[in-house]
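**Q** Model the following, please.
(one chain, ligands or ions: 1)
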Amino acid sequence: MILEIVKYGHPVLRKKGERIETITPEIKKLIADMFETMEANHGVGLAAQQVGVAKQLTVIDVRAVTDRPSTLELDGKPADVASIMPLVLINPVITPAGEAATGGEGCLSFPEIFADISRPGTVDVQALNAKGKPISFRCGGLLARAVQHETDHLNGLLFIDRMDKKTKAELQPELDELQAITKKALAKK
Ligand code: ZN
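**A** As a prediction, the model looks like this:
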């Protein structure tokens, strides 16, 4: 089922997600729906908050992007990024493992808004997978960016919080407009 994506201005985007301790049938359904929703919107990642659920769950798939490479290391050895796609991360914890890199980002909760964001270029990731089993890997490139962007969502953080002051100031009128539209729509519900 394709779910509605909540936009900037919706309070759920600022909520820290609850940890998921058990993979219930509801969580399995949510994972499937989130993949369907992400694909329908041509996204690389989607966090539970973006479909109105404040839980520590995100789905990621970078395979459709061919012009921005990703890297993966499993047990210290280079591995095929596709081997862990599509990726489900539950209760993810991220540790920076490399120097900062700047790259373009967008967000399905911020239609038509894009900006360059500086983040660690390589990160170590520990999480549970869709079966509730612990997984860990090191990643770089687009995958590292996506994992960090989505994990931020799970903690109530948004990419506008990571923008430099000048970029954010330039986008402020668009952000204010989007927030106002979202709040107006919420008030009608
Ligand atoms: Zn986002």
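
**Q** where do the strands sit along the protein?
**A** With strands called from DSSP state E, the chain shows them at 45-47, 57-60, 70-74, 77-78, 87-96, 100-107, 110-120, 122-128, 134-140.

**Q** so can I have JSON lines of those showing mean pLDDT?
**A** Below are the strands of the chain laid out as JSON lines (pLDDT from 0 to 100):
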{"stretch": "strand 45-47", "mean pLDDT": "98"}
{"stretch": "strand 57-60", "mean pLDDT": "98"}
{"stretch": "strand 70-74", "mean pLDDT": "98"}
{"stretch": "strand 77-78", "mean pLDDT": "98"}
{"stretch": "strand 87-96", "mean pLDDT": "98"}
{"stretch": "strand 100-107", "mean pLDDT": "97"}
{"stretch": "strand 110-120", "mean pLDDT": "97"}
{"stretch": "strand 122-128", "mean pLDDT": "98"}
{"stretch": "strand 134-140", "mean pLDDT": "98"}
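
**Q** okay, those strands in CSV with distance to residue 152 and mean neighbour count next?
**A** Quick note: C-beta positions are derived from backbone N, CA and C, even for glycine. As requested, the strands of the chain are exported to CSV (distance: least, C-beta to C-beta, whole Å; neighbours: other C-beta atoms under 10 Å):
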stretch, distance to residue 152, mean neighbour count
strand 45-47, 8, 28
strand 57-60, 10, 28
strand 70-74, 18, 17
strand 77-78, 26, 9
strand 87-96, 9, 20
strand 100-107, 10, 15
strand 110-120, 9, 15
strand 122-128, 12, 19
strand 134-140, 16, 19
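
**Q** Next, format the ones you listed as CSV and append distance to residue 148.
**A** Formatted as CSV, these follow (distance: least, C-beta to C-beta, whole Å):
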stretch, distance to residue 148
strand 45-47, 10
strand 57-60, 11
strand 70-74, 13
strand 77-78, 20
strand 87-96, 6
strand 100-107, 10
strand 110-120, 5
strand 122-128, 6
strand 134-140, 10
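
**Q** Out of these, flag the one nearest residue 160.
**A** Evaluated over the strands of the chain, closeness to residue 160 peaks at strand 110-120, with 7.4 Å, by C-beta to C-beta.

**Q** Touching the closest one from outside, list them.
**A** 7-8, 96-107, 144-145, 148-149, 158-160, 162-164, 167-168, 171, 174-175, 178 (C-beta atoms under 8 Å, 6 or more residues apart in numbering).

**Q** switch the cut-off to 7 Å
**A** With C-beta atoms under 7 Å, 6 or more residues apart in numbering as the test, strand 110-120 has contacts from 8, 96-98, 100-106, 145, 148, 159, 162-163, 167, 171, 174, 178.
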